[in-house]
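Undergrad: Whatever this is, show me its structure:
(4 chains)
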Amino acid sequence: MLSDLSGWAIAAVAALGVLSVAAGVAVFVVDSMARATFALLASFLAVAGILLALDLVYLAVVTALMMTIEMAIMAVFMIMFMMNPAGLMPMTMVHNAKGSAVTGAGAFVVLVVGIWTIDWPTRDASRPADSTRQLGEAIMGSHMLVMLVIGIGLFTTILAGTVLATSRGRYDRFGADLTAKRPDDPVPGGLPR
Amino acid sequence: MSEQTLAEAWGLVPAVLGIVAVGLVLGLVVAAVDRVVVSGAPRAAVEPIRSSARLLFEQRRTTLAPDRLLWRIGCVAVPTLALLSLAVVPVGGRTLWSTSADLVWFNAMEALLWAAVWLVGWGPNAVHALTGGYRFLAQGLAYELPLMFALITAGLAAGSLRATDIFATQENLWFVVTMPVAFVVFVASAAAFAFWGPFAAPAGPDIAGGVASELSGVDRLLVEAGRVVFLGASAAMAAALFLGGDSGPWLPGPLWHLLKTLAVVAALVWVGRRMPVLRPDRTVEVGWMVLVPLTLLQALVVAVLVLNGFYA
Amino acid sequence: MTAELVLQIVLTVAAGLVGVGLFGALSQQTIVMVMMGLELVLNGVLLAGGAAWYFLAPELPDTQVLVVVALVVMAVEMAMGFAVTVAFYRARQLDMIDMASDLRG
Amino acid sequence: MAGLAMASTGPDRDGLELDVLKVALGPVLPGWPTGLVLRADLQGDVLTSAELAWLDADARPAVEPDRAHEEAALDRLARFLDVAGWPTAARDARRARNGMAERANRDEAQRLAEAVTRRVSRSRTLAWTAGGIGRRGSGGDVLDRVRRWCDMASGQSVEDVPAMSLDGVAALVEGAEIGSARLIVASLDLSPVSAVSAPEHLHV
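TA: Next comes the predicted model:
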């Protein structure tokens, strides 16, 4: 891969950067929910492309993978709940647009001023041969605590999400005293139970 | 790292063209075998070529108020992603480009396929197509995790996510011997992601062709080509990950890999066409309740073997 | 081009993503759109983390781990967001934030 | 985009008020009798209400062309297998039917018919995927009806089942997923004749 950023890589990074921000703006401009979702996906993929150019292969492909799945699921929810999924009639659903714009622009300006005034430390060129191995050894070694916490957090999320989203508990499925042999589901699944 | 990628060995443009050609030939082979098995007549093998030529010149039909932009993007993305997934499959012992996360790359292309197929279903603004798109998402969710675990199991044994490393580790013992579950799950999920055979519910005849129901002309050609190229790429990947890649006596390595790929294709089509389309509300439960624990168990077994130095 | 300049350009892009995302998260009325704004902010975090690893501390894995954590945060945010939306919609048939003000105290 | 109505919401089996889409399936769908139209409210992929009708039932010839029992059954079986997505079995069923119609090679056609019906009625996969849907009182589910076609096609005698009225069919597909509904209708023996001449008391 790229040991040091070549001219092509810098050009690609710049183009992808512009694309990611433009797609991010498009999310809130287009009328159609499907297009908004996929504009967001385009923004993620552009960032994944920049990460790829920065030699972070694993993080880049994992970003692409996870965000695509997220966006696909998001599209389903969008269309399930929105009044106007396909943008048949233009409509705006915003509140306090001016205040939000000022806040967003303000945050951007503050960050940019910081970015261009700080004297960034020049790095010493000791990049590892394999960034994936570096990450793997970190999360299975020195940073294992982070992974443990993440694991517990994700498990809690699975439980909490299921509890919140479903309206049927085991009493609905197996009867008030849990004696029913087969669960009473609207659609039977593929396992003999 | 001593290994060379195809792009370094041949130059970027010839290597890319080579991989595209390999992908198209593989797809054509899959389509031909499929036609022969379905129609029962060997001369149906030329049918894919004939119908491709016809579709190429066919006029496009359209529907009421389609989302043309997203529809086109989806149709173009399906074959593109199929070819991109081939970029990390070893061809002649080398991959088009080699990263330290080849397996994740392959998986990410499949995930992007979700979005692409969903777009193909969403674009025409039609009931059957959209139903097919949703079925594909449900199917993708149910098979994504087993597929991921199956891929990771092969990576675990080789101690690397790089396809060529996994290739090299199997010189003495094919991975399928110690990870049969992962192999079967990988091939079945590949069929599910290409929504082909028993997993064709997203394009099922019960919803009038599903995602493909409103496609015509070049669009249909692109999507159908993407499906078969993806199946061919997955068969080649299965041969590389689980069937020892290019190891074998007498013949040169690449020929062995080709033969194994063809064997996987033949077995897949032969088994897959002997059963009806499985209804998604049945298969999805099996995916979550059976395949996920089973592949996890498989990974555990392989992990214990790795700790005992079995693959070293 | 010096490495510092490239770093500054990439970080500016990340700042742009954060700004746009902040605008979206604050201005949108639909819950799902608010979540999209938050995701954009986190997208900026991903980018900044990657750039920091490459240009500032490639010998340390910490920034990479930070990016992984940001990815997980995104997944958790989305899962919980959708779960809350479903529960809320089930109860009121609404998916707008303004209309949830009756949940107050 | 003028001319497209916004969807309205309706009660749902999962307790979510989701949008309802009005769709018409038919009159020409693979595996379904020509002229049959299913008008339904679709919520996601679930039919919440259904109504079946024949288009131009009067304009059609009142009697089917004279065919042997087995041929008709094989034809029905092939059409069901088309809907179920089993092309190789559908192909064999059609081949057997054509062989029987030609009457030149009847024995061979008979053997082929027996082979394909055995394959279909013994298929565990089909039983797993199509079993349990479209169950009505005494008539069994989709799978029972398909096995009945198989028995008929291989020349065994089967007991007659009363023809089903369109309202009965509509009650059967209500609440079913759209793919299941297609399978249910494809598994039934529906023809404009039976709809017109079916006496009222046979409603199920």
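
Undergrad: Specify the local secondary structure of the residue nearest to residue B:286 when sequence neighbours are not counted.
TA: In this structure, residue B:286 finds its nearest non-sequential neighbour in residue A:190, 4.8 Å apart by CB to CB, 6 or more residues apart in numbering or on different chains. C-beta here means a position set from N, CA and C on the backbone, and glycine is covered the same way. Put simply, residue A:190 is coil when judged by DSSP: H, G, I helix; E, B strand; the rest coil.

Undergrad: go on, residue D:52?
TA: The assignment at residue D:52 comes out as strand when based on three-state DSSP.

Undergrad: Please see if stretch A:42-56 touches chain C.
TA: Yes. Residues of stretch A:42-56 are located near chain C by CB under 8 Å from any CB of the partner chain, namely A:43-44, A:47, A:50-51, A:54-56.

Undergrad: how about the helix-or-strand element of chain C with minimal mean pLDDT: buried residues?
TA: For chain C, using mean pLDDT, DSSP states H and E, the weakest element among its helices and strands is helix C:62-92, scoring a mean of 87. By neighbour count on 16 or more other CB atoms under 10 Å in any protein chain shown, the buried set for helix C:62-92 is C:63-72, C:74-90.

Undergrad: picking up where we left off before, take the residues of stretch A:42-56 next to chain C and keep only those in helices.
TA: A:43-44, A:47, A:50-51 (DSSP state H).

Undergrad: Generate TSV for those, with neighbour count, distance to residue B:57 and pLDDT as supplementary columns.
TA: As requested, these are exported to TSV (neighbours: other CB atoms under 10 Å in any protein chain shown; distance: CB to CB, whole Å; pLDDT from 0 to 100):
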residue	neighbour count	distance to residue B:57	pLDDT
A:43	29	38	94
A:44	25	38	94
A:47	28	40	94
A:50	28	41	92
A:51	29	42	91
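
Undergrad: Go through these and say which is closest to residue B:239.
TA: residue A:51 (30.7 Å; CB to CB).

Undergrad: how about residue C:58, secondary structure?
TA: Under three-state DSSP, residue C:58 comes out as coil.

Undergrad: mind checking pLDDT for it?
TA: We have a pLDDT of 82 for residue C:58.

Undergrad: what's the neighbour count on the closest residue to residue A:52 other than its chain neighbours?
TA: Once flanking residues are discounted, residue A:52 sits nearest to residue A:60: 4.1 Å by CB to CB, 6+ apart. When counting by other CB atoms under 10 Å in any protein chain shown, one arrives at 28 neighbours for residue A:60.

Undergrad: if you look at stretch A:40-48, does any of it touch chain B?
TA: Yes. Judged by CB under 8 Å from any CB, stretch A:40-48 and chain B are in contact via residue A:41.

Undergrad: what sits up against that stretch?
TA: Residues from elsewhere that reach stretch A:40-48 (CB atoms under 8 Å, 6 or more residues apart in numbering or on different chains): A:16-17, A:19-21, A:23-24, A:26-27, A:60-61, A:63-64, A:67-68, A:71, A:74, B:115, C:17, C:36, C:39-40, C:43, C:46-47, C:50.

Undergrad: Just the buried subset of those, please.
TA: A:16-17, A:19-21, A:23-24, A:26-27, A:60-61, A:63-64, A:67-68, A:71, A:74, B:115, C:17, C:36, C:39-40, C:43, C:46-47, C:50.

Undergrad: Would you confirm that residue B:289 contacts residue B:145?
TA: No. The criterion here is CB atoms under 8 Å, and residue B:289 misses it with residue B:145 at 11.8 Å.
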